[in-house]
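Asks: Got a sequence here, can you model it:
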Amino acid sequence: MQSAQNTTDRANVWQSLQAHYEKDIKNSHLRDLLKDEKRNAALRVEHENIYYDFSHERLNEETLNQFDKLVQDSQLFNRIEAMFRGV
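Replies: Numbers count the residues shown, from 1 in each chain. Presented below is the predicted three-dimensional model:
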């Protein structure tokens with residue numbers, strides 16, 4: 001069962017992600033984002049011979065950091081494992 005603190009932490013992460021979206025992403029246009037080569041390079045990764053290119057999405061490194069924090073705070077991987085165990 002979730003503790004009140006975990007729920008509060010997750011709500012804070014969501015609020016932070018929403019604030020980031022409102023400030024940095026909402027009014028951005030992909031055309032403008034694609035002009036930033038440093039951003040584009042940072043959003044292209046290879047993992048286990050699979051190439052991921054997130055540069056054509058309306059996000060930046062901070063967005064990915066926010067999503068990572070949300071995944072960690074929500075214990076997503078533990079929940080996925082539990083789902084496959086039938087828990």
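
Asks: contacts, neighbours, all on C-alpha from now
Replies: OK.

Asks: contacting residues around the lengthiest helix in the chain?
Replies: Selection of the longest helix in the chain by residue count, based on DSSP state H, yields helix 4-20. Here helix 4-20 makes contact (C-alpha atoms under 8 Å, 6 or more residues apart in numbering) with 63, 66, 67, 69, 70, 73, 74.

Asks: Could you look up the SS state of the first one?
Replies: It stands for residue 63. helix (DSSP: H, G, I helix; E, B strand; the rest coil).

Asks: now the residue nearest the centre of the chain, nearest residue through space, not along the chain?
Replies: Residue closest to the mean C-alpha point of the chain, counted by C-alpha atoms, centre = their mean, is residue 67 at 2.2 Å. Using C-alpha to C-alpha, 6 or more residues apart in numbering and skipping residues adjacent in sequence, the residue nearest residue 67 is residue 17, 7.6 Å away.

Asks: How many residues are close by the one you found?
Replies: The tally of other residues near residue 17 (other C-alpha atoms under 10 Å) stands at 20.

Asks: where's the closest residue to residue 30 other than its chain neighbours, which helix or strand?
Replies: The shortest distance from residue 30 to any non-neighbouring residue, by C-alpha to C-alpha, 6+ apart, is to residue 58 (5.9 Å). For residue 58, there is no host helix or strand (DSSP states H and E).

Asks: Relative to residue 86, how far out is the residue nearest to the centre of the chain?
Replies: 26 Å (C-alpha to C-alpha, to the nearest Å).

Asks: Could you pull up the residues touching the residue nearest to residue 30?
Replies: Counted by C-alpha under 8 Å, 6+ apart, residue 58 has contacts 25, 28, 29, 30, 33.
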